[in-house]
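S.K.: got a sequence here, can you model it:
(one chain, ligands or ions: 1)
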Amino acid sequence: MVESDFSAELKEVQAQLDALTAKKQALENALEEARLAKLSLSESIPSKKITIVGGRGKLGQLFVRQFAQLGHELQILEQDDWPNAKAMLAGQDLVIISVPINLTLSVIEQVADYIEPDTILADLTSIKQKPVEKMLACHTGPVLGLHPMFGPDVDNIQDQVVAYCHARAEEECQWVLDNLILLEAKLEAVSAQSHDNAMAFIQVMRHFSTFMYGYHLKQENPELSELIALSSPIYRLELAMVGRLFAQDSQLYADIIYANSENFDLLKRFVSRFQTGIELLEKGDKTLFKQEFEEVHQWFGDYADHFLNESKRLLKAAHQSSAQS
Ligand code: NAD
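M.R.: Numbering: from 1, shown residues only. Purely as a prediction, here's the structure:
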């Protein structure tokens, strides 16, 4: 074959790829339409009146869209709507608070002044103890804590985890959870305290160490484009995970990290272990490092191999998608 033959074949393969991409998109659209049709056919869902306070925000919008797809009567209460709050909040079956964390407690107080005793009061806040305590203190009716364990950049909540904390009147709140199940979310029951303890590791420690990683890079000031150019997919992904934090809302991360001052003790222990690690390195004995490494491996147990395989799959997908873009 000569060069022109390769070039012609390459064009043909590209055309096939384009056709497949278009077909994939069409199938995805059809799948979403079928899903929506299935939802609207669910006759078992009685229509409810739902208000999302902060419903024009990033996460609020998603929940407005999702509950509306089930045929409910949705209403958004935003910052400028407080003069009409009394009329808006009368007769609601469910009021969900989805405002910035630092405003959540005061907005719960405001909402509680207007809602009726049988209205379910719920929230989507990333921390659970304080909002749930506040909702219980301000409202005598049903209370449900929710924490969607995902960001607002998903199209729908299908296959996404939503943690929930029963707080008061479980039976009255059940339809809300049933609706989330209809939307194919994965529900995880948890107490508010266990939730916040787990989030200290999952979010607070993670976000703080990512923040420190970015802060350290800024202080050391290496040439970022060079680091990117020289990074294999896994290191590039790690850099991306750091960089993406700083493209987001600093208030949200500040609120999550500052939410509970007990978390600072965990962070201090984390920092002191860096010092222990440095002392280990300065002893210059790699066998000590390897011993610690093995002990951590033992602690992870079967999860170590599981995570290795899972991350290999993710990296493969990341590699393919970066090759396509
Ligand atoms: P956001 O800033 O995008 O939206 C907040 C909305 O609240 C805005 O529309 C704002 O106008 C409105 N608002 C502010 N003050 C108000 C007031 N006094 N009365 C009525 N509305 C008011 O924030 P977000 O990212 O959507 O987060 C909302 C909640 O969701 C937070 O509690 C957060 O912890 C939780 N959450 C967010 C994410 C995420 O990744 N964004 C993930 C899980 C949970």
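
S.K.: how about the residue of the stretch 1-150 of the chain found nearest the ligand: what's its closest non-neighbour residue?
M.R.: Relative to the ligand, the nearest point of the stretch 1-150 of the chain is Gly57 (1.9 Å; C-beta to the nearest ligand atom). C-beta here means a position set from N, CA and C on the backbone, and glycine is covered the same way. Counting by C-beta to C-beta, 6 or more residues apart in numbering, Gly57 lies nearest to Ser98, which is 5.9 Å off, once chain neighbours are set aside.

S.K.: is that neighbour in contact with Ile50, as I believe?
M.R.: No: with contact defined as C-beta atoms under 8 Å, Ser98 does not reach Ile50; the gap is 11.6 Å.

S.K.: so which helix or strand takes in Asp5?
M.R.: When elements are defined using DSSP states H and E, Asp5 is found to belong to helix 3-41.

S.K.: give me the helices and strands touching that helix, please.
M.R.: For helix 3-41, the elements it packs on are helix 58-69, judged by 3 or more C-beta pairs under 8 Å, 6 or more residues apart in numbering; DSSP states H and E.

S.K.: next secondary structure after the helix it packs on?
M.R.: Reading on from helix 58-69 to the C-terminus, the next helix or strand found by DSSP H and E is strand 73-77.

S.K.: partners of that following strand in the sheet?
M.R.: With DSSP bridges as the criterion, the sheet partners recorded for strand 73-77 are strand 49-53 (parallel).

S.K.: can you check what angle separates the strand it pairs with from helix 58-69?
M.R.: Between the axes of strand 49-53 and helix 58-69, defined by axes from the mean of the first three to the mean of the last three C-alpha atoms, to 10 degrees, the angle is 170 degrees.

S.K.: strand 49-53 near the ligand anywhere?
M.R.: Yes: with C-beta under 6 Å from any ligand atom as the threshold, strand 49-53 lies in contact with the ligand, specifically through Val53.

S.K.: and that strand, how far out from the chain middle?
M.R.: Going by C-alpha atoms, centre = their mean, to the nearest Å, the spacing between the C-alpha centre of strand 49-53 and its chain's C-alpha centre is 21 Å.
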